[in-house]
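Asker: Sequence first, then the predicted structure, then my questions.
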Amino acid sequence: MSSVLMVGVDCSECGERAIEYAIEQARDSNARMFIAHIIEWSQFSFSTVEENATRHKRREEELQRAYEDVINPIVERIKSEGIEVTGIVRHGHVADTINALAQENGVTNIILGRQGDSKLKAHVFGSVGSRLVQVADCAVTVVP
Amino acid sequence: MFKLRVGITTLLTLLASFSVFADIGVDEKINLAIKPFADAVAGFVFSSFPVAGVDIPFVLVWLIVAAIVFTFYFNFINIRAFKHGFELVRGDYHDPEAAGEVTHFQALATALSGTVGLGNIAGVAVAVSLGGPGATFWMILAGFLGMSSKFTECTLGVKYRNELPDGTVSGGPMYYLTKGLAEKGIGFARLGKVLAVLFAIFCVGGSFGGGNMFQANQSFAQLVNVTGGDTSWLADKGWLFGLVVAALVGMVIIGGIKGIARVTSKIVPFMAVTYVIAGLAIILMNVSQVPSAFLAIFNGAFTAEGIGGGVIGVLFQGFKRAAFSNEAGVGSAAIAHAAVQTNRPVTEGFVALYEPFIDTVVVCTITALVIIITGTWDPSVDPGAGVQLTSSAFESAFSWFPIVLTVAVLLFAFSTMISWSYYGLKAWTFLFGENKITDATYKLLFLFFVVVGSSMQLGAVIDFSDAMIFAMAFPNLLGCYFLLPVVKKELDEYWADYKSGNLRKTRIS
């Protein structure tokens, strides 16, 4: 079975080491890659009538911005290394959505950069990495 | 449209005439100036005919008959789709590809924050004081039947919504009346246009009345109540309160300070939950009285001792306040529900079933039980007491509750105003076209009515608000009758898929 890697990224500059690491892995094992960016969103949030009416439009804008600012620069760079790569942007709870995307695409290894959140912040908001380690159906690599 | 122009001219004349009464307070001036106009509108909409010695307004019969017809036509959809509606709200059928769009939960929550509010607090108090405990029975029944009306109008709202080139979504009776009826032929197309224009006119009126003046009026009344009643410094300063609220609403709808509205939309659900928990706590604290309260509700519904108008009078109060609270059949909710992301319009109809259920069957019943159990209900109480009655009912159990209730009332009123300003604006631009001038005109008028509503006495405000909101039901439901087969077709196709398991179930968290 050939390996499929998925790297979760927050922005185009952060997660630099995770991407470097993933590129190395992909070269070694001739793996395919996915770059995923998740826009934090909940289907159970509260909004005003006007927000709802313009939601579709704003979603399109959010997706476009995410592709242009975050995903595309990274995808271009990995492609130039000769690795097969697909960029994905989706709305949702970050860890759960990355896991769902990994399942959908037969990913064998999820790779994340460590966020370095303080103890307090991780405690209050939870950390994507530790949550993924608990729920993921494949291996999770956290790159320091 | 002519009517509306006359209305605006009248208003301006009235404004000018304020100066005539120079020797009385500003509040009184506004009240005197608007009252004859409000009375005339109410008199027209509530044209009634006598049944068993009681004058029954035609519009109420119109609402109830439609709710009954829809319930039977869709084979008790309010019960049949109750479970599936919940699954949809919970996100069981959520398409992960559509993450980030408006979900069923969000559409329902938004619509609810436009309806849950003063109708549940003040309206129920009015119903119980005028109609006795028995009014609660008819209110609950009206809530159940109203679910079918909501189902119909919200399905249509989604089916015939407009997706504008700039990506925004706009739906509601204006669109299904024009587009839906146009599908049935030339004659219907003409009828549809007339109905849509009528609806839009009434909707603008409703946005000034129940969606605005009533809210401003009742929140001011509660504020005066907690700050010392008649002795309060605020007691005769309704206009001042109105100006402050108008400034806040203006910041949102004109100033574009969306943050205020966004924060409100997040606090309101918690206030609603707090209200429900407090109500349930009072009911549990007096659990031994619950059976006798239900007995009073049931007996009162059919015997109506000492109530003006007998059983018919009680029924009238219950149905009227239920309709005012959940707005089923009025068409306003169809505007709020239309933004949902779905390619099966009927799914939003199932979800909309929960609106009258939560609003009337759950929240209104809790208010009524609290009022009955605490014995705050007193037939001799001033029928205009509205929210104060509910406030003292809660106060008898939790002395600090009036403060919480005041905050809740202010927030409910504010969020309802923001929602209705949107409904009204959509109707207004449907009539006059979308441009900066029409937009600004509507918003300024809306703010003007905030001040007017705060200054008037409850009786006149309730009459006018009721009249305008109920008037919307005439064109809306007439159109719905013609469009029933369209909804039926959508429903049958979807239900077959649902029953045969053809729908993709994707629980996401």
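Answerer: It's in.
Asker: Beyond the helix or strand of chain A with the lowest mean pLDDT, next helix or strand please.
Answerer: Lowest on mean pLDDT, DSSP states H and E among the helices and strands of chain A sits helix A:119-125, with a mean of 64. Per DSSP states H and E, helix A:119-125 leads on to helix A:128-135 as the next helix or strand towards the C-terminus.
Asker: for chain A, what are the low-confidence residue spans?
Answerer: Applying pLDDT under 70 to chain A picks out residues A:1, A:12-14, A:116-126.
Asker: Pull up the residues of it that are close to chain B.
Answerer: Residues of chain A lying close to chain B by CB under 8 Å from any CB of the partner chain are A:39, A:41, A:43-57, A:59-60, A:62-63, A:90-93, A:96-97, A:100. The C-beta positions use only the backbone N, C-alpha and C, and glycine is treated the same way.
Asker: quick one: contacts for whichever residue of the stretch 351-500 of chain B sits closest to chain A?
Answerer: As assessed by CB to the nearest CB, chain A sits closest to B:Y422 within the stretch 351-500 of chain B, at 4.6 Å. Contacts for B:Y422 (CB atoms under 8 Å, 6 or more residues apart in numbering or on different chains) come out as A:T48, A:V49, A:E50, A:A53, B:I335.
Asker: will you turn the residues you listed into TSV that also has distance to A:G106, secondary structure and neighbour count?
Answerer: Converted to TSV, these look like this (distance: CB to CB, whole Å; DSSP: H, G, I helix; E, B strand; the rest coil; neighbours: other CB atoms under 10 Å in any protein chain shown):
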residue	distance to A:G106	secondary structure	neighbour count
A:T48	40	coil	23
A:V49	41	helix	26
A:E50	41	helix	22
A:A53	38	helix	25
B:I335	44	helix	30
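Asker: tell me which of those is nearest to B:L63?
Answerer: When the contacts of B:Y422 are compared for distance to B:L63 (CB to CB), B:I335 wins out at 18.2 Å.
Asker: Looking at the closest residue in space to the closest one that isn't next to it in sequence now. What's its pLDDT?
Answerer: Distances taken as CB to CB, 6 or more residues apart in numbering or on different chains put B:G172 closest to B:I335, at 3.6 Å, once the chain neighbours are dropped. The model reports B:G172 with a pLDDT of 92.
Asker: next one: B:T10
Answerer: For B:T10, the predicted pLDDT is 48.
Asker: before we move on, the earlier item: what's the farthest-apart pair in the contacts of B:Y422?
Answerer: A:T48 and B:I335 (12.7 Å).
Asker: what residues are up against the residue nearest to B:V169 when sequence neighbours are not counted?
Answerer: Leaving out its chain neighbours, the residue that sits closest to B:V169 by CB to CB, 6+ apart is B:A339, at 4.8 Å. With contact set as CB under 8 Å, 6+ apart, B:A339 has these partners: A:V49, A:N52, A:A53, A:R55, A:H56, B:V102, B:A107, B:T110, B:R161, B:V169, B:G171.
Asker: any chance of the residues you listed in JSON lines, plus secondary structure and distance to B:K266?
Answerer: Formatted as JSON lines, these follow (DSSP: H, G, I helix; E, B strand; the rest coil; distance: CB to CB, whole Å):
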{"residue": "A:V49", "secondary structure": "helix", "distance to B:K266": "14"}
{"residue": "A:N52", "secondary structure": "helix", "distance to B:K266": "14"}
{"residue": "A:A53", "secondary structure": "helix", "distance to B:K266": "18"}
{"residue": "A:R55", "secondary structure": "helix", "distance to B:K266": "16"}
{"residue": "A:H56", "secondary structure": "helix", "distance to B:K266": "21"}
{"residue": "B:V102", "secondary structure": "coil", "distance to B:K266": "16"}
{"residue": "B:A107", "secondary structure": "helix", "distance to B:K266": "16"}
{"residue": "B:T110", "secondary structure": "helix", "distance to B:K266": "12"}
{"residue": "B:R161", "secondary structure": "coil", "distance to B:K266": "25"}
{"residue": "B:V169", "secondary structure": "strand", "distance to B:K266": "22"}
{"residue": "B:G171", "secondary structure": "coil", "distance to B:K266": "24"}
